[in-house]
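Novice: below are the sequence and a predicted model for it; my questions follow.
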Amino acid sequence: MQASDDGDELVRVGTAPNPVIAASWQELLRAEGIPSMVKIEDPLGVAYQVSSFYSCGIYVLAPYAEQARKLLDELGEEDVEWDEPD
């Protein structure tokens, strides 16, 4: 997913504690019509191939950010870092 031609920027809406949870969140967002992207936040996790321990940022285009935050908030996950709007 890339920023669209009309200048919409990518916004991080949350940080999942591991890739498995990130993938499930991404699937939830897709089911609701929100395109998203997962970005590995911890380069050392990748370097040492410790895939179950590195955090992943969840990014959406700016117009979808509020809706995406609401959907992720409804999950009620504990110990998850939520990104507040600027």
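Specialist: Sure thing, it's come through.
Novice: distance of the closest residue to residue 42 other than its chain neighbours from residue 8?
Specialist: Using Cβ to Cβ, 6 or more residues apart in numbering and skipping the chain neighbours, the partner closest in space to residue 42 is residue 54 (3.9 Å). Glycine gets a C-beta too; all of them are placed from N, C-alpha and C. Separation of residue 54 from residue 8 (Cβ to Cβ, to the nearest Å) stands at 27 Å.
Novice: and for residue 43?
Specialist: 27 Å.
Novice: got it, and residue 23?
Specialist: Distance, residue 23 to residue 8, using Cβ to Cβ: 23 Å.
Novice: tell me where this structure has strands.
Specialist: 10-16, 36-40, 56-61, 81-82 (DSSP state E).
Novice: quick one: strands adjacent to the second one?
Specialist: Which is strand 36-40. Here strand 36-40 has these sheet partners by DSSP bridges: strand 56-61 (antiparallel).
Novice: what sits against the nearest residue to residue 28 once chain neighbours are set aside?
Specialist: Sequence neighbours aside, residue 71 is the residue nearest to residue 28 in space, at 6.2 Å (criterion: Cβ to Cβ, 6+ apart). Applying Cβ atoms under 8 Å, 6 or more residues apart in numbering to residue 71 gives the contacts 28-29, 32, 34.
Novice: by mean pLDDT, point me to the weakest helix or strand of the chain.
Specialist: strand 81-82 (a mean of 55; mean pLDDT, DSSP states H and E).
Novice: okay, residue 43 and residue 8: which has more neighbours?
Specialist: residue 8 (15 against 9; other Cβ atoms under 10 Å).
Novice: and residue 17, how many neighbours does it have?
Specialist: 16.
Novice: what's the burial count for the residue nearest to it when sequence neighbours are not counted?
Specialist: When the adjacent residues along the chain are set aside, residue 17 lies closest to residue 55, with 5.8 Å between them (Cβ to Cβ, 6+ apart). If you count neighbours by other Cβ under 10 Å, residue 55 ends up with 18.
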